[in-house]
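A.B. asks: Give me coordinates for this.
(one chain, ligands or ions: 1)
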Amino acid sequence: MVRYIALKGLYDLEKTIGSGGFAKVKLATHIATGEKVAIKIMDKISLGDDLPRVKLEVQALKTLLHQHICRLYQVIETDSHYFMVIEYCSGGELFDHIGIEKNRLSETESRKFFRQIVSAVAYLHSLGYAHRDLKPENVLLDREENLKLIDFGLCAKPKNGIDSHLQTSCGSPTYAAPELILGKKYLGSEVDIWSMGVLLYALLCGFLPFDDNSIENLYRKILSGKYDEPSWLSSSSKRLIRAMLQIDPKKRITIQELCNHPWITAGFLNPVSFVHKTNFEKDDDVLSTMSAICGEHASDIWRKLVKSDRTDYRTATYLLLLDRKLRGLSLRIS
Ligand SMILES: CN(C)C[C@H]1CC[C@H](N2C(=O)N(C)Cc3cnc4ccc(-c5cc(Cl)c(O)c(Cl)c5)nc4c32)CC1
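C.D. replies: Numbers count the residues shown, from 1 in each chain. Purely as a prediction, here's the structure:
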């Protein structure tokens, strides 16, 4: 096991839980609390000119504080590596949860998960971000089967707001909107709606609306906007999917309309909403646990936390203890 000096005494690295592109993600233990975390390890050499994407993702994750967006606890930068310490999702990928035998979810279960995705994306858009790479691999579950959105390496925050046009073609073609694969100028919010339509279709049907081994056939299918509507889809499901998989982005349902759509609210008391948890909430139990260990006064710990850039070990310890408390566990610290 290669040892990273930068993590010594802070995190114990365990198995690799995945890798993609220029990053390797390892399971690790946050030594002070014993909590599991995921550490995304990137070496600067192989990052090459993708380096700005790391800064973008770190900035996005520091800003985005939402119960269905994976939490960033700490960032460690050395001459050779970036380490992003992120909330661990022990439930794995949402689509693995669907399982092979069932391969699709009931409308009720799909709605439970899809509302969480809509809440996260509505929150993202409200802060001027677009994810631009919404796909099953980027939708994970934590131990309580809460949905967590991940991988903000492609997310964009156009300088003059979410409704200014983007041009970069990115993300995976299977989930990409027609305007994106045509290389047209597009709105991040509109391409995210299309990708969510593909996700909803996959949840309800167990297969993809547009799929083909050859890229040009795949493109042709996407640009046609034609897909099968299996017999088990309710008319309400069909209507919502049609509203999201509109080829013309201007005819596509907006995120606000989506939050209030009858399919989304069916069986629930209220439309999808999100809480602007933009800053830290102060928790005295967590602070007193930390002060019992490091000997500092709770008020000093809090002052340093608020002043910090919120990505140091102290912040990680605070947030992990807060998670433990919110899960009703004891605030033990080793
Ligand atoms: C296909 N991708 C480009 C990489 C893949 C790496 C493994 C990862 N994973 C998995 O695939 N499990 C099945 C286990 C697992 C458990 N917890 C995780 C917690 C966080 C993340 C994570 C990964 C990346 Cl690349 C991020 O940017 C963020 Cl913000 C978060 N990935 C996790 C993760 C999913 C993505």
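
A.B. asks: ok, the closest residue to residue 71 other than its chain neighbours to residue 256 distance?
C.D. replies: Leaving aside its sequence neighbours, residue 71 sits nearest to residue 87 (C-beta to C-beta, 6 or more residues apart in numbering; 4.1 Å). In this view, the C-beta of every residue, glycine as well, is placed from N, C-alpha and C. Going from residue 87 to residue 256 by C-beta to C-beta, to the nearest Å gives 28 Å.

A.B. asks: Those two: which is more packed in?
C.D. replies: residue 87 (21 against 13; other C-beta atoms under 10 Å).

A.B. asks: So for the more buried one, what's the pLDDT?
C.D. replies: On pLDDT, residue 87 comes in at 97.

A.B. asks: ok, now which ones touch it?
C.D. replies: If you count contacts by C-beta atoms under 8 Å, 6 or more residues apart in numbering, residue 87 has them with 37, 38, 70, 71, 72, 73, 142, 148, 323.

A.B. asks: Can you report how many residues lie near the closest residue to the fifth one other than its chain neighbours?
C.D. replies: This points to residue 72. Ranked by C-beta to C-beta, 6+ apart and with sequence neighbours excluded, the top spatial neighbour of residue 72 is residue 61, at 3.8 Å. Residue 61 is flanked by 22 other residues according to other C-beta under 10 Å.

A.B. asks: same question, residue 81
C.D. replies: 16.

A.B. asks: Wait, it touches residue 6, no?
C.D. replies: Yes: here residue 81 lies in contact with residue 6, judged by C-beta atoms under 8 Å, at a distance of 7.0 Å.

A.B. asks: Mind listing the shared neighbours of the two?
C.D. replies: Here residue 81 and residue 6 share no contacting residue, scored by C-beta under 8 Å, 6+ apart.

A.B. asks: Now the stretch 151-300 of the chain against the ligand: closest residue?
C.D. replies: residue 151 (3.9 Å; C-beta to the nearest ligand atom).

A.B. asks: Could I get the contacting residues of the closest residue to that residue other than its chain neighbours?
C.D. replies: Spatial nearest neighbour of residue 151, excluding adjacent residues (C-beta to C-beta, 6+ apart): residue 138 at 4.6 Å. By C-beta under 8 Å, 6+ apart, the contact set of residue 138 is 131, 149, 150, 151.

A.B. asks: any chance of those residues in a markdown table, with secondary structure and neighbour count too?
C.D. replies: Shown next, in a markdown table, are these (DSSP: H, G, I helix; E, B strand; the rest coil; neighbours: other C-beta atoms under 10 Å):
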| residue | secondary structure | neighbour count |
| --- | --- | --- |
| 131 | coil | 27 |
| 149 | strand | 23 |
| 150 | coil | 22 |
| 151 | coil | 21 |
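
A.B. asks: Which pair in the residues you listed has the greatest spatial separation?
C.D. replies: Based on C-beta to C-beta, the longest span within these runs between 131 and 150 and measures 9.8 Å.

A.B. asks: where's residue 303, which helix or strand?
C.D. replies: Take DSSP states H and E as the rule and residue 303 turns out to sit in helix 298-307.

A.B. asks: Pull out the buried positions in that helix.
C.D. replies: By 16 or more other C-beta atoms under 10 Å, the buried positions in helix 298-307 come out as 298, 301, 302, 305.

A.B. asks: What's the separation between the third one and residue 244?
C.D. replies: In other words, residue 302. 44 Å.

A.B. asks: So which of the buried residues of helix 298-307 is the closest to the ligand?
C.D. replies: Distance to the ligand across these (C-beta to the nearest ligand atom) is lowest for residue 305, with 22.0 Å.

A.B. asks: quick one, what contacts the closest one?
C.D. replies: So residue 305 contacts 280, 314, 315, 318 (C-beta under 8 Å, 6+ apart).

A.B. asks: quick check, the second one in a helix?
C.D. replies: Yes: membership of residue 314 in a helix is supported by DSSP: H, G, I helix; E, B strand; the rest coil.

A.B. asks: you'd agree it is up against residue 308?
C.D. replies: Yes: assessed by C-beta under 8 Å, residue 314 is found in contact with residue 308 at 6.7 Å.

A.B. asks: Could you identify the helix or strand that succeeds the helix or strand of the chain with the lowest mean pLDDT?
C.D. replies: Across the helices and strands of the chain, mean confidence by mean pLDDT, DSSP states H and E is lowest for helix 94-98: a mean of 85. Counting by DSSP H and E, the next helix or strand C-terminal to helix 94-98 is helix 107-126.

A.B. asks: Is that following helix positioned near the ligand?
C.D. replies: No: with C-beta under 6 Å from any ligand atom as the criterion, the ligand is not reached by helix 107-126; the gap is at least 12.2 Å.

A.B. asks: ok, residues contacting that helix?
C.D. replies: Residues outside helix 107-126 that contact it (C-beta under 8 Å, 6+ apart): 64, 66, 68-69, 94, 105, 130-131, 134, 139, 146-147, 149, 155, 162, 188-189, 192, 196, 199-200, 203-204, 234, 237, 255-256, 258-259, 263-264, 266-268, 272-274, 276.

A.B. asks: Filtering these by proximity to the ligand, which remain?
C.D. replies: Answer for these near the ligand: none qualify (C-beta under 6 Å from any ligand atom).
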